[in-house]
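In: Kindly return the folded structure for what I paste below:
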Amino acid sequence: MIAGTPQEARAWDRELRHRRKGIDKGAPPTHNAAMPRSRTAPFETHDSPPETVHIIGVPMDHGAGRRGVGMGPSALRIGGLHDKLKAAGREFVDHGDILIRTPERLRAKVEGKANNLPIVLRACDALHEHVQRIVLMGGFPLVIGGDHSINIGTMAGLAVGVRERYKAEKGKSKGRVPREIGVIWIDAHGDLNTPETSPSGNIHGMPVSVALGKGPRVLTHLGGFAPKVQANNVVLIGLRDLDREEKQAILDSGVHAFTMQDIDMRGMAGVVQEAISLATRNTDYLHVSFDIDSVDPRVAPGTGTTVFGGLTYREAHLALELISESGKLTSFEMVEVNPILDNYNMTGELAAGLIASALGKRIL
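Out: Next up is the predicted model:
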């Protein structure tokens, strides 16, 4: 149950029952006005071809410190996401955007230093149900945000879906080994804060910790269990702006971390090839979460936490081209595009192009 007034709790219970009923009947989620309605479709119950990409928009900015990133899904679609996926030869279905209730309509509460926790939780709960359903029908989840707190819902949906698929497979074949998820996290920041260590209390700086089982229980146990991933299956790439306590948290956590210094010294190809090896050696699934602030702000100005010295245009594309060529990628997430801070949607167009590279677009 989400914290709040009794009236909010009852309203949330009614909303959740209605949403789950709608999903079971195949009702489509809220459509984004910028998205062609002809490309939207309800979730189906039959198996989806593995190559089919299922797009879910999450217009969330309540996990971040400034507004505007909630318009990221629209910026990506306007930036040519559909056309770029077609050019990459990918079949896709765009399910529209999850409905996010804004602070103006819902009184937000703070649990410790986890700002807007009720709003983030309910959005992530809705997202996890959608992602789980895509995994269960064998599709490829493509989640577009939105701030990075949405990863809490993405990871919950992936983990629950993978667990349910394992249970089904175990019944058909004895001796099945439980399946694990590997994660490559491309970001200027570590996102390993907790409410106790975060200077701001913004939840978009906490999703890696949540995936590892640390943080507010309502977030870590979304989907019914924690952790969602094992630390030795997580690889961070592009780090260059870390909080003091977060640095120690990364060192203590057991995750693998590559900073911008590593990329400067070894080259992006060497770093990404090792990252793929680390994230897939003990796993069956590979999720990539790409924060656009990993790219240098001279190339990607439209994001809320810019830090100079980031990835170049080609380094970002190369990383995703190599991940695509590995044949291991099973889900993808693009976050933190903020069109309010952008110049003529150049960051939205860049992000759409990066997704295409991850999903198979080639130069030749």
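
In: number of nearby residues for V288?
Out: 26 (other C-beta atoms under 10 Å). Any C-beta I mention is one placed from the backbone N, CA and C, and that applies to glycine too.

In: D61 versus that one, what's the distance?
Out: To D61, V288 is 22 Å away according to C-beta to C-beta, to the nearest Å.

In: Okay, buried residues for stretch 195-208 please.
Out: The neighbour-count check on stretch 195-208 (16 or more other C-beta atoms under 10 Å) flags P195, T197, S198, G201, N202, I203, H204, G205, M206, P207, V208 as buried.

In: Am I right that H95 falls within a strand?
Out: Yes: the assignment for H95 by DSSP: H, G, I helix; E, B strand; the rest coil puts it in a strand.

In: Apart from its chain neighbours, what residue comes closest to it?
Out: Spatial nearest neighbour of H95, excluding adjacent residues (C-beta to C-beta, 6 or more residues apart in numbering): I56 at 5.4 Å.

In: what does the average pLDDT come to for the top helix by length along the chain?
Out: For the chain, the longest helix by residue count, based on DSSP state H, is helix 151-172. Mean per-residue pLDDT for helix 151-172: 89.

In: now that helix, how far from the centre of its chain.
Out: Distance of helix 151-172 from the chain centroid (C-alpha atoms, centre = their mean, to the nearest Å) equals 16 Å.

In: what's the following helix or strand past it in contact with?
Out: Sequence-wise, the next helix or strand downstream of helix 151-172 (DSSP states H and E) is strand 181-186. Applying C-beta atoms under 8 Å, 6 or more residues apart in numbering, the contact partners of strand 181-186 are 155, 158-159, 162, 191, 208, 211, 228-229, 233-238, 275-276, 278-280, 282-291, 294, 311, 316, 319, 323, 328.

In: let's see 7 Å
Out: 158-159, 162, 208, 229, 233-238, 275, 279-280, 283, 285-291, 294, 319, 323 (C-beta atoms under 7 Å, 6 or more residues apart in numbering).

In: G63 versus the residue lying closest to D61 once chain neighbours are set aside, what's the distance?
Out: In this structure, D61 finds its nearest non-sequential neighbour in G70, 3.8 Å apart by C-beta to C-beta, 6+ apart. Distance, G70 to G63, by C-beta to C-beta: 10 Å.

In: Compare neighbour counts for those two and give me the winner.
Out: G63 (29 against 23).
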